[in-house]
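**Q** pasting the structure only:
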């Protein structure tokens, strides 16, 4: 059994790697020179960038198990009042990041990354102290509900089982409830209403893993079982993709299972090396990012918005030069444009890692 108050090094490292990856893929996405495998999949399929945000949810589930365990001696009101406040603040912070992309536009996008994390955490929280098998049962039910809606529910102009990007039931539901003016685009939002069902299921899988760590004796055998379970979950997701495609933007059940399996594989491997064997690995460089994940993520988004969206340097011809072009145009003779963009992304990520390292050195941890 794992002591709830002891920090899990592997969890901080996994979270830190996820933050670093998100910073990297977000900044290099601003250019057309980005390698295709570092972009999001256009629709079907899964690339590196498609893993980053969902891993946040999976990690959030593991963290939730220990966060609630630390407060087991408090009353229900003492536990949930601060939690609800954090959820509200996280949602508002997400809305702020959406608004700042285009401050003059009053039709602010309502869904978003932080909003989906907030609501998924809210809906998963009643099960935070439940037995793992019951948590997994709820997760399976949610995955089934999501799949049934995609496969068997139609709408005007949309046939049941439609998985294309220009007309599907998820987009139709978002238009009815959220409104096209407050979505990612006029017909669809990748963090919309239906996505909330699957994202909660993914967070619950992480929660079940965290609860299993809490109530069992931690040894190599248990971690090996996690590893095998991760492989099996990913294989189930792959097999399911023949009927329900792997589509991150729709958060399909096949995508959730593949992602949950990969997350379990990565976490169990990190846990074995960093928490059981206690190996001093170069991976520990990611630990400071994991300790200040939310602050560093928000900072990176604000800087990304500033770099991409604001032009302050007029060129010789009178046209505006965006900060991105000014900062990240090196014109190094022996580097291709693609390599320059990758270098830019690495430097931008390292900059945030240094900030996180300084905060960690000063033992400053900024959280909601």
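**A** Cool, got the structure. Predicted, not measured: the structure shown is a model, and the values here were computed from it.
**Q** Tell me which residues touch the nearest residue to residue 152 once chain neighbours are set aside, please.
**A** Computed as CB to CB, 6 or more residues apart in numbering, the closest residue to residue 152 that is not its neighbour in sequence is residue 160, at 5.1 Å. All C-beta spots, glycine's among them, are computed from the backbone N, C-alpha and C. Residue 160 makes contacts with 151, 152, 153, 154, 169, as judged by CB atoms under 8 Å, 6 or more residues apart in numbering.
**Q** Pull the contacting residues for residue 272.
**A** Per CB under 8 Å, 6+ apart, neighbours of residue 272: 220, 223.
**Q** That one belongs to a helix?
**A** Yes. Counting by DSSP: H, G, I helix; E, B strand; the rest coil, residue 272 is part of a helix.
**Q** gap between it and residue 291?
**A** Going from residue 272 to residue 291 by CB to CB, to the nearest Å gives 21 Å.
**Q** circling back: can you confirm the residue nearest to residue 152 is in a helix?
**A** No. According to three-state DSSP, the state of residue 160 is coil, so it is not within a helix.
**Q** can you give me how far stretch 233-251 is from the chain middle?
**A** The chain centroid and the centroid of stretch 233-251 are separated by 18 Å under CA atoms, centre = their mean, to the nearest Å.
**Q** now do stretch 37-49
**A** Taking mean C-alpha positions (CA atoms, centre = their mean), stretch 37-49 and its chain are 14 Å apart.
**Q** And residue 183, its phi and psi?
**A** In terms of degrees, to the nearest 10, the main-chain angles of residue 183 are phi -110, psi 170.
**Q** And it, what's its pLDDT?
**A** Per-residue confidence at residue 183 stands at 91 (pLDDT).
**Q** from here on, count from 807
**A** OK, 807 is where the count begins now, so the last one is residue 989.
**Q** Specify the local secondary structure of the nearest residue to it once chain neighbours are set aside.
**A** Spatial nearest neighbour of residue 989, excluding adjacent residues (CB to CB, 6+ apart): residue 995 at 4.1 Å. Assigned by three-state DSSP, the conformation of residue 995 is coil.
**Q** what about residue 995, how many neighbours?
**A** Using other CB atoms under 10 Å, residue 995 has 25 neighbouring residues.
**Q** now the one 10 residues further on
**A** Taking other CB under 10 Å as the criterion, the count of residues near residue 1005 is 28.
**Q** circling back: list the contacts for the residue nearest to residue 989?
**A** 915, 917, 977, 980, 984, 989, 1001.
**Q** mean confidence for the helix or strand containing the last one?
**A** Applying DSSP states H and E as the criterion places residue 1001 in helix 999-1021. Within the predicted structure, the mean pLDDT of helix 999-1021 is 96.
**Q** Check which element follows that helix along the chain.
**A** Past helix 999-1021, the next helix or strand by DSSP H and E is helix 1026-1046.
**Q** That following helix: which residues count as buried?
**A** 1028, 1029, 1032, 1033, 1035, 1036, 1039, 1040, 1042, 1043, 1046 (16 or more other CB atoms under 10 Å).
**Q** Same question for stretch 928-937.
**A** Result for stretch 928-937 [16+ other CB under 10 Å]: buried residues 928, 929, 930, 931, 933, 934, 935, 936.
**Q** again with stretch 983-995
**A** Per 16+ other CB under 10 Å, stretch 983-995 contains these buried residues: 984, 988, 989, 990, 994, 995.
**Q** and if you look at stretch 878-898?
**A** 885, 886, 889, 893, 896, 897.
**Q** same deal with stretch 1157-1172?
**A** Here stretch 1157-1172 shows 1158, 1159, 1161, 1162, 1163, 1165, 1166 as buried, counting by 16+ other CB under 10 Å.
**Q** now the helices: where do they sit in the protein?
**A** 815-834, 854-875, 882-907, 919-930, 938-958, 975-983, 999-1021, 1026-1046, 1059-1077, 1093-1097, 1099-1115, 1129-1134, 1143-1167 (DSSP state H).
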